[in-house]
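In: Below are the sequence and a predicted model; questions follow.
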Amino acid sequence: MTWKDVIHYATKGSPTPDRFIVKTDAEWSAQLTEEQYQITRLKGTERAFTEKHCSTHETGKYKCTCCHTPLFDSSIKFNSNSGWPSFTDPIKENAVKYFKDTTHGMIRVEILCNTCEAHLGHVFPDGPEPSGLRYCVNSISIQLDKNE
């Protein structure tokens with residue numbers, strides 16, 4: 001995946017997910033904590049350096065908090081010093097959905113779970129090689145599965 005691919009997906013449409021989950025706001029609200037709901041369904045952002053996955057370096061797969069779809073592998077996690085967990089690529093090309101975000105007076109690329117459209121964070125072109133990408137993810141949007 002390259003920044004050019006990210007921009008293409010954000011403007012032309014993301015890859016088709018393996019499956020798609022749709023729930024009502026009431027169903028998501030009943031399933032998630034208030035904080036999880038605020039971040040994943042209402043596109044909130046946790047405070048930098050406050051959540052557990054920012055400094056977690058355990059082996060496993062990071063899955064979507066809402067639908068448990070594998071999103072990122074711990075082997076591609078890196079310390080970006082941004083205050084949020086950072087990854088160089090998704091686990092699969094179609095795991096993440098890309099959306100042009102023009103909120104807060106700037107243009108960014110929002111990343112969502114491609115299965116349930118949970119807000120994950122944003123992707124930036126300032127990561128390490130080989131991709132040069134930094135998937136900056138809210139810790140609350142993901143859960144580490146150490147068994148995979």
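Out: Thanks, I have the structure now.
In: Please identify which helix or strand holds the spatially most central residue of the chain.
Out: The chain has residue 120 as the residue nearest its centroid, 3.2 Å off, counting by CA atoms, centre = their mean. Here residue 120 sits within strand 119-124, counting by DSSP states H and E.
In: got it, and residue 9?
Out: Per DSSP H and E, residue 9 falls inside helix 3-12.
In: hang on, the earlier thing: if I read this right, the residue nearest to the centre of the chain contacts residue 96, doesn't it?
Out: Yes: in this structure, residue 120 is within contact of residue 96 by CB atoms under 8 Å, at 7.1 Å. For glycine as for every other residue, the C-beta is placed from the backbone atoms N, C-alpha and C.
In: Overlap in contacts, those two.
Out: Residues touching both residue 120 and residue 96 (CB atoms under 8 Å, 6 or more residues apart in numbering) are 71, 111-113, 135.
In: Now the element after the lowest-mean-pLDDT helix or strand in the chain, going C-ward?
Out: Ranked by mean pLDDT, DSSP states H and E, the weakest helix or strand in the chain is strand 77-78, scoring a mean of 92. Note on strand 77-78: by DSSP H and E, the next helix or strand toward the C-terminus is strand 86-87.
In: so where's the chain uncertain?
Out: 148 (pLDDT under 70).
In: what residue of the protein is the furthest out?
Out: Centroid-distance maximum for the chain: residue 26 at 22.3 Å, with CA atoms, centre = their mean.
In: quick one: it is in a strand?
Out: No: according to DSSP: H, G, I helix; E, B strand; the rest coil, residue 26 belongs to no strand; its state is helix.
In: the strands in the chain, which residues?
Out: Assigned by DSSP state E, the strands in the chain fall at 61-64, 70-73, 77-78, 86-87, 96-101, 108-113, 119-124, 134-137, 142-145.
In: Brilliant, that's me finished.
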